[in-house]
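> What shape does this take:
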Amino acid sequence: MKAEDQKNAIFRKFQIDKFGLKKSVPAVSMTVDICVENVQLQRKAINANLGNENKITLTHFFIKAVGETLNEYPDLYSYFDGKKTIRNNTIKINLPVAEGNHVEYVVIENPETKKISDIAVEVKTEIANIRNNRGKFYLAVGKLYSLPPLFRYVIHNNMSICIKSAAKNYGNFPITNFGSFGVKNGTPVLSSPIVACLCIGSIELNNSKQIIPVTLVFDHRPIDGAYGGKFLVALKEKLENKFFSN
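Sure, this is the predicted structure:
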């Protein structure tokens, strides 16, 4: 089997196990439209002082802003084991990256404490590792699927082990960018123990302003609509009005 086909097969198995029936959650989705004129101007100004290889994107701004906003809403980057919420001490953004016929992941730890340009370099470095078959998540998943089937079954069906694995390798708050594929918007699927995730849609013009629909999906067992809605409003306010120093 070719190396790329082998990677695709491994990640397809991971997706099947990740979204097994026992791990599906009763999810709620909420969407707000965010004007990105503010961050587009700041992005242009920052990029003017960077080399072509270090250019930042709107996704990097979102990672920073989401990290800062999550700091005020810790339940959204917690884990939920089916009975209780387990708080995390560290924000770890999970960024899905399309690679071949599968998705791999970049994990950015403590984005709220980092410069946007540093986040951009970190993301690009890990994407380069992924394309050279050295991605951290790929190496972790490869080890998992080298184990005997019985061991894998125990791991996938033991919530305590799943939480430890997620904390180490997967992160605690996914941000997926459907807009990068030209898709207007979407609703990602949640898998326990993750509590919430964010979907970024594509840019649209509304009254000559650049607008992006942003959707929060959350597990309705540990999170109520008011809490999720306040997070979205706070994120919108930050992206539309804050000056992000670099």
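> so where's this protein uncertain?
1-3, 5, 11-23 (pLDDT under 70).
> What segments of it are helices?
Listed in chain order, the helices of the chain (DSSP state H) span 3-18, 37-47, 58-70, 116-131, 136-144, 149-156, 159-165, 225-241.
> between the ones you listed, which one is nearest to Phe80?
Phe80 lies closest to helix 159-165 among the helices of the chain, at 9.4 Å (CB to CB). C-betas here are computed from N, CA, C, even on glycine.
> Run through who's touching the closest one.
Under the criterion CB atoms under 8 Å, 6 or more residues apart in numbering, residues 79, 81-82, 86, 140, 154-156, 192-193 lie in contact with helix 159-165.
> quick revisit: of all the helices of the chain, which one is nearest His102?
helix 3-18 (3.7 Å).
> What residues of stretch 46-64 count as buried?
By neighbour count with 16 or more other CB atoms under 10 Å, stretch 46-64 contains the buried residues 46-47, 56-64.
> Check the contacts of helix 159-165 and tell me the two furthest apart.
The span of the contacts of helix 159-165, defined through CB to CB, is set by Gly82 and Ala140 at 23.6 Å.
> Kindly tell me how buried Arg134 is, as a neighbour count.
Neighbour count for Arg134, taken as other CB atoms under 10 Å: 11.
> Contact partners for it?
With CB under 8 Å, 6+ apart, Arg134 has no contacts at all.
> which phi and psi does it have?
The phi/psi pair for Arg134 (degrees, to the nearest 10) reads phi -120, psi 20.
> quick one: it and Asn54, what's the gap?
Relative to Asn54, Arg134 is positioned 21 Å away (CB to CB, to the nearest Å).
> Same check on Leu216?
If you go by CB to CB, the gap between Leu216 and Asn54 works out to 30 Å.
> Ok, Cys199 next?
Cys199 sits 26 Å away from Asn54, going by CB to CB.
> now do Lys114
From Lys114 across to Asn54, the span is 14 Å (CB to CB).
> Now do the contacts for Gly67.
With CB under 8 Å, 6+ apart, Gly67 has these contacts: 91, 93, 108, 110-113.
> For Thr69, give me its contacts.
Neighbours of Thr69 in contact, by CB under 8 Å, 6+ apart: 231, 234-235, 238.
> Relative to Ser78, how far out is Phe231?
For Phe231 relative to Ser78 (CB to CB), the value is 13 Å.
> which residues are common contacts for these two?
By CB under 8 Å, 6+ apart, no residue touches both Phe231 and Ser78.
> and the spatially closest residue to Gly229 that is not a sequence neighbour, how far is that from Asn132?
What sits nearest to Gly229 in space, not counting adjacent residues and going by CB to CB, 6 or more residues apart in numbering, is Met30, at 5.9 Å. Distance of Met30 to Asn132, computed by CB to CB: 38 Å.
> Pick out whichever of the two has more residues nearby.
Using other CB under 10 Å, the more surrounded residue of Met30 and Asn132 is Met30, with 15 against 8.
> Who are the contact partners of the more buried one?
Going by CB under 8 Å, 6+ apart, Met30 touches 215-216, 225, 228-229, 232.
> List buried members of the residues you listed by neighbour count.
Buried among the contacts of Met30 (16+ other CB under 10 Å): 215-216, 228, 232.
> between those residues, which is closest to Gly171?
Nearest to Gly171 among the buried ones among the contacts of Met30, with distances taken as CB to CB, is Leu216, at 16.3 Å.
> Direction-wise, compare the top strand by length along the chain with helix 37-47 and give the angle.
Using DSSP state E, we find that the single longest strand of the chain is strand 209-219. Between strand 209-219 and helix 37-47, the angle comes out at 100 degrees (axes from the mean of the first three to the mean of the last three CA atoms, to 10 degrees).
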